[in-house]
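Engineer: this one's sequence-less:
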């Protein structure tokens, strides 16, 4: 297994190096073939490891590859932890990445940075695999930072655009805020446990649960709460939770394939995976779980609202990702870690499908992304249309589609939870069902239905995308249906029994397990709870506003222009951050430059000391006249002073 794991990780890395350094020599076809083969090798070998762990019941294993650093008694190693959680993430990451690699051949066909792009996405896959396969915090942090670095390169891939440069800098800086908390959390782990190895930390966690950190003389915080909250700050950055969510919508400046890869299987799921992996720590702090729960609930509902007013097809799906990440975070907050990972699993397929479907539309319309300039595309792009219908039905939680089983399981888990804040979270995620259905079908109706709003030239040339684009859509569409049927084994069974720890006092997952009686009964249960009817109401309202009487939408927009503007401006959070951090820190920097640097340091310390020395030397210089009798007189005076001191003693 050790050899298999090394090949799984290193195959995409080697492919990325070849495509990146020797892209001109191997050409465009060479670049895509070497990277596709590299990721395909990782995928098929991941399936083998998956079979060994899940079906052959091989014991989970942790092993070290090599020793990276030794300081005193501390040893930092590179190693892998292979269990059910790891192999699930490995299969999801490599499969979605493989689909994105194949799709990219068609999408980036005419781009001059073709080889560079394939190198980056293969490197992205390597980084995520290092993250999910790590058996220690040091390697976790390496993968964490590596996906952040490659996302910076990919979001700003079209570096000649100012908007792309702004977006990748924004993503990089916001994630540095989250990563600052994350590395402090890792430092706290090292300080408390004197180890960064998962096994050592998790085994000692109950023993140090009563310890506290002294914040001040009279304020003492529990060790577990501090560690978990700091680690979650990192997850808020990577998985774009409020208030560190602002980078994710702007990441749409990158090419569509990377939008799918970031949003579906790699960077944004890293935070969800990390909290699930750290369940032995989070289960010891109800305060941390409550914070996770409330942050996720706020993200799930309020980020979905913004999607209602967006006209850029990719941004609508981006806000959908923010909302769905909120759902996953809510599941983590109620200790339903297995359901959070299950929603990550199903979401990877239908969200990749929606992004790649949007990319198919964008290519067909010569890179037009404004839904106001689309319409009527159903008859021109039937494969893209029907696959996006499937992805949309999965997203809104339609029975028999994958998203229904994972999303409804989250809502039910919140209802059964006893974690503080679960009532608030329940109403947020319930309202989010209506919002999700509304903006999802708004996108579908504006893009594929109604009268065409395309210009004449575009409409004359629009056609279905080539098979290299549509085949990945079809495969993802199939999985967007069937993936949900594994809810019994993955989310509500003992699938993660040896990977995830849940305290007995946190009852949500146990209640769901006791009330689960198979996929069919779970599906029938949809008709007894409000989620299905809320989703249907959202679909019907979207049909009324954008198909039946589209003038109603415009009338409401005019009537409630202030609310529309508030949502369109994303609650003014970007402007607030601009004022507080960008403009505010610039003013602080200007003050420090003028007062601290120029006046104090340059004026008083550097230039001031030089002026004092210059003044003193100018006075002393007058003594040096060059006349012999002046020097003789000075010597006589000095001798008289010396003699007087001797005689006086």
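Structural biologist: That came through, no problem. Bear in mind the structure is a predicted one, so any value in this text is a computation, not a measurement. Residues are numbered from 1 along each chain as shown.
Engineer: Please name the residues that touch the residue positioned nearest the centre of the chain.
Structural biologist: The residue lying closest to the centre of the chain (CA atoms, centre = their mean) is residue 268, at 2.5 Å. Residues near residue 268 by CB atoms under 8 Å, 6 or more residues apart in numbering: 238, 239, 240, 248, 262, 321, 325. Glycine gets a C-beta too; all of them are placed from N, C-alpha and C.
Engineer: repeat for residue 31
Structural biologist: Counting by CB under 8 Å, 6+ apart, residue 31 touches 19, 23, 114, 115, 118, 119.
Engineer: If we use 10 Å, what do you get?
Structural biologist: 15, 18-20, 22-25, 105, 114-119, 122 (CB atoms under 10 Å, 6 or more residues apart in numbering).
Engineer: for residue 419, same thing?
Structural biologist: By CB under 10 Å, 6+ apart, the contact list for residue 419 reads 286, 289-290, 292-294, 333-335, 425, 505-508.
Engineer: 6 Å instead, please
Structural biologist: Contact partners of residue 419, counting by CB atoms under 6 Å, 6 or more residues apart in numbering, are 289, 290, 293, 334.
Engineer: the longest strand in this protein is where?
Structural biologist: If you go by DSSP state E, the chain has its longest strand at strand 61-71.
Engineer: just to revisit the earlier point, starting at the chain centroid, how far to the host helix or strand of the residue nearest to the centre of the chain?
Structural biologist: Applying DSSP states H and E as the criterion places residue 268 in helix 267-277. In this view, helix 267-277 has its centroid 8 Å away from the chain centroid, taken as CA atoms, centre = their mean, to the nearest Å.
Engineer: helix or strand right after it?
Structural biologist: Counting by DSSP H and E, what follows helix 267-277 is helix 279-282.
Engineer: Need phi/psi at the closest residue in space to residue 503 that isn't next to it in sequence.
Structural biologist: Leaving aside its chain neighbours, residue 503 sits nearest to residue 283 (4.4 Å; criterion: CB to CB, 6 or more residues apart in numbering). Note on residue 283: backbone dihedrals following degrees, to the nearest 10 are phi -70, psi -10.
Engineer: And for residue 72?
Structural biologist: phi 60, psi -120.
Engineer: Quick check: pLDDT value at it.
Structural biologist: pLDDT recorded at residue 72 is 80.
Engineer: what about this protein, any weak spots by pLDDT?
Structural biologist: Applying pLDDT under 70 to the chain flags the ranges 648-649.
Engineer: Would you map the strands across it?
Structural biologist: Listed in chain order, the strands of the chain (DSSP E) span residues 61-71, 74-82, 212-214, 220-222.
Engineer: what's the closest of these to residue 633?
Structural biologist: Taking CB to CB, strand 61-71 is the member of those nearest to residue 633, at 68.1 Å.
Engineer: Please tell me how far that closest one is from the chain's geometric centre.
Structural biologist: Centre-to-centre, strand 61-71 and its host chain are 27 Å apart (CA atoms, centre = their mean).
Engineer: Contacts for that strand next, please.
Structural biologist: The set of residues external to strand 61-71 that reach it, using CB under 6 Å, 6+ apart, is 2, 76, 77, 78, 79, 81, 82, 135.
Engineer: Sheet-wise, list the partners of that strand with their directions.
Structural biologist: Strand 61-71 has the following sheet partners, assigned by DSSP bridges: strand 74-82 (antiparallel).
Engineer: The partner strand versus helix 267-277: what angle between them?
Structural biologist: Counting by axes from the mean of the first three to the mean of the last three CA atoms, to 10 degrees, strand 74-82 lies at 100 degrees to helix 267-277.
Engineer: quick one: buried residues of strand 74-82?
Structural biologist: Of the residues in strand 74-82, 76, 77, 78, 79, 80, 81, 82 count as buried by neighbour count, 16 or more other CB atoms under 10 Å.
Engineer: Equivalent analysis for stretch 284-292, please.
Structural biologist: By 16+ other CB under 10 Å, the buried positions in stretch 284-292 come out as 284, 285, 286, 288, 289, 290, 291, 292.
Engineer: ditto for stretch 505-520
Structural biologist: Neighbour-count burial for stretch 505-520 flags 506, 507, 508, 509, 511, 512, 516 (criterion: 16+ other CB under 10 Å).
Engineer: how close does the last one sit to residue 508?
Structural biologist: This means residue 516. Per CB to CB, to the nearest Å, residue 516 is found 13 Å from residue 508.
Engineer: rewinding a little: restricted to helices, list the buried residues of stretch 284-292.
Structural biologist: Among those, the ones falling in helices (DSSP state H) are 286, 288, 289, 290, 291, 292.
Engineer: Wait, the fourth one touches residue 420, no?
Structural biologist: Read that as residue 290. Yes - in this structure, residue 290 is within contact of residue 420 by CB atoms under 6 Å, at 4.5 Å.
Engineer: what about residue 189, distance to residue 511?
Structural biologist: Taking CB to CB, one finds residue 189 at 32 Å from residue 511.
Engineer: One more: residue 247?
Structural biologist: For residue 247, the distance to residue 511 - CB to CB - is 36 Å.
Engineer: Same check on residue 69?
Structural biologist: Separation of residue 69 from residue 511 (CB to CB) stands at 45 Å.
Engineer: Residue 398 now?
Structural biologist: Applying CB to CB, the value for residue 398 to residue 511 is 25 Å.
Engineer: before we move on, back to that, farthest-separated two in the contacts of residue 268?
Structural biologist: Among those, 238 and 321 lie farthest apart (CB to CB), at 12.7 Å.
Engineer: Need the residues touching each of the two.
Structural biologist: Residues touching both residue 238 and residue 321 (CB under 6 Å, 6+ apart): none.
Engineer: sorry, back to before: would you mind listing which of the contacts of residue 31 are buried?
Structural biologist: Taking 16+ other CB under 10 Å as the criterion, what is buried in the contacts of residue 31 is 15, 18-20, 23, 105, 114-119, 122.
Engineer: Dump those to a markdown table, plus distance to residue 201.
Structural biologist: Below are the buried ones among the contacts of residue 31 laid out as a markdown table (distance: CB to CB, whole Å):
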| residue | distance to residue 201 |
| --- | --- |
| 15 | 34 |
| 18 | 37 |
| 19 | 37 |
| 20 | 36 |
| 23 | 42 |
| 105 | 43 |
| 114 | 44 |
| 115 | 42 |
| 116 | 39 |
| 117 | 38 |
| 118 | 38 |
| 119 | 35 |
| 122 | 32 |
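Engineer: what about stretch 443-455, how long is it end to end?
Structural biologist: 19 Å (CA to CA, to the nearest Å).
Engineer: Please point out which parts of the longest strand of the chain sit buried.
Structural biologist: 61, 64.
Engineer: so what's residue 229 closest to, chain neighbours aside?
Structural biologist: Setting aside the residues directly before and after it, residue 229 is nearest to residue 288 in space (CB to CB, 6+ apart), at 5.4 Å.
Engineer: can I assume that neighbour is in contact with residue 223?
Structural biologist: No - with contacts counted by CB under 6 Å, residue 288 stays clear of residue 223, the gap being 11.4 Å.
Engineer: anything in contact with each of those two?
Structural biologist: Taking CB under 6 Å, 6+ apart as the contact criterion, no residue touches both residue 288 and residue 223.
Engineer: isn't residue 254 right next to residue 155, touching?
Structural biologist: Yes - assessed by CB under 6 Å, residue 254 is found in contact with residue 155 at 4.3 Å.
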